[in-house]
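*Asks:* based on what follows, work out the 3D shape:
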Amino acid sequence: MNQQDLRVLKSEEAIKEAFISLIEKKGFAKVTVKDITSKAIVNRGTFYLHHVDKFALLDEIENSLLEGLGIFMSKIPVSDFRQATTSTIANPILVSYFEYIQQNERLFKILLLNKSDMNFVVKLKHFVYSKIIYTINLWTNEADNTLIPPEYLATIASSVYAGLFCYWLESGMTKTPVEMGKILTAFWKYDIMNLPTKEK
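*Replies:* Residues are numbered from 1 along each chain as shown. Predicted structure coming up:
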């Protein structure tokens with residue numbers, strides 16, 4: 001990496017850190033580009049060279065965080081989900097959600113608990129929804145036989161996940177990721193896995 005690339009990288013890191021700190025302090029709605037550049041000690045030209053506006057910057061940070069979650073979870077085979085949810089241990093896939101949130105606690109608190117911007121909550125639900133739909137499709141025959149269609153089941157579950165993530169953060173994360181994983185595992189084992197089936 002040459003000196004120019006290094007300067008660009010440092011400027012980008014400074015901009016993002018300034019932006020995150022400002023959201024943390026006074027909320028996204030009140031943050032201006034001028035605030036960001038002043039705190040990051042860069043000129044407006046540098047900011048607009050890489051970002052259209054503060055909304056685009058927020059979108060980039062949110063997408064990067066969810067992309068990281070996807071990579072983090074990809075280390076665990078999704079095919080193991082069904083077997084794990086029938087046992088008494090915490091499902092490793094569900095635990096991984098909480099481990100990743102714990103590792104990125106500050107950013108998740110800012111994005112999930114910041115009431116001035118609910119876009120990230122929607123994005124997170126969509127992320128969870130896609131993961132659940134993919135998993136349900138592994139059990140197509142069983143999913144087709146339940147009274148609740150897969151897309152509705154995934155919608156319900158994604159809202160439960162997002163609500164639980166927020167509550168965990170709001171309550172000070174007093175339970176460990178494994179303990180939280182057990183809670184979600186129980187949700188699948190006792191509620192979802194025992195869905196009523198269609199009458200024949």
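
*Asks:* rest of the way, CA atoms for contacts and neighbours
*Replies:* Will do.

*Asks:* identify the residues contacting residue 171.
*Replies:* Going by Cα atoms under 8 Å, 6 or more residues apart in numbering, residue 171 touches no other residue.

*Asks:* how far away is it from residue 165?
*Replies:* To residue 165, residue 171 is 10 Å away according to Cα to Cα, to the nearest Å.

*Asks:* burial count for the closest residue to residue 51 other than its chain neighbours?
*Replies:* Closest residue in space to residue 51, ignoring its immediate chain neighbours: residue 57 at 6.0 Å, by Cα to Cα, 6 or more residues apart in numbering. Using other Cα atoms under 10 Å, the number of residues around residue 57 comes to 17.

*Asks:* mind listing what's buried in the helix or strand that contains residue 57?
*Replies:* Per DSSP states H and E, residue 57 falls inside helix 54-73. By neighbour count on 16 or more other Cα atoms under 10 Å, the buried set for helix 54-73 is 54, 57, 58, 61, 62, 65, 66, 69, 70, 73.

*Asks:* just send the residues you listed back as a markdown table, with distance to residue 44 and pLDDT too.
*Replies:* Output for the buried residues of helix 54-73, formatted as a markdown table (distance: Cα to Cα, whole Å; pLDDT from 0 to 100):
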| residue | distance to residue 44 | pLDDT |
| --- | --- | --- |
| 54 | 12 | 96 |
| 57 | 14 | 96 |
| 58 | 17 | 95 |
| 61 | 19 | 95 |
| 62 | 22 | 95 |
| 65 | 25 | 96 |
| 66 | 28 | 97 |
| 69 | 31 | 96 |
| 70 | 33 | 93 |
| 73 | 37 | 88 |
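
*Asks:* reformat those as CSV; add distance to residue 40.
*Replies:* Formatted as CSV, the buried residues of helix 54-73 follow (distance: Cα to Cα, whole Å):
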residue, distance to residue 40
54, 14
57, 14
58, 16
61, 16
62, 19
65, 21
66, 24
69, 27
70, 29
73, 33
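
*Asks:* and which of those is nearest residue 33?
*Replies:* Nearest to residue 33 out of the buried residues of helix 54-73 is residue 54 (Cα to Cα; 6.5 Å).

*Asks:* list the contacts for that closest one?
*Replies:* Shown in contact with residue 54 (Cα under 8 Å, 6+ apart): 32, 33.

*Asks:* cutoff 7 Å now
*Replies:* Residues near residue 54 by Cα atoms under 7 Å, 6 or more residues apart in numbering: residue 33.

*Asks:* how near is it to residue 30?
*Replies:* Distance, residue 54 to residue 30, using Cα to Cα: 11 Å.

*Asks:* identify each buried residue in the helix or strand harbouring residue 17, please.
*Replies:* Residue 17 is part of helix 3-26, with elements assigned from DSSP H and E. By neighbour count with 16+ other Cα under 10 Å, helix 3-26 contains the buried residues 11, 12, 14, 15, 16, 18, 19, 20, 21, 22, 23, 24.

*Asks:* with that, I have no additional questions.
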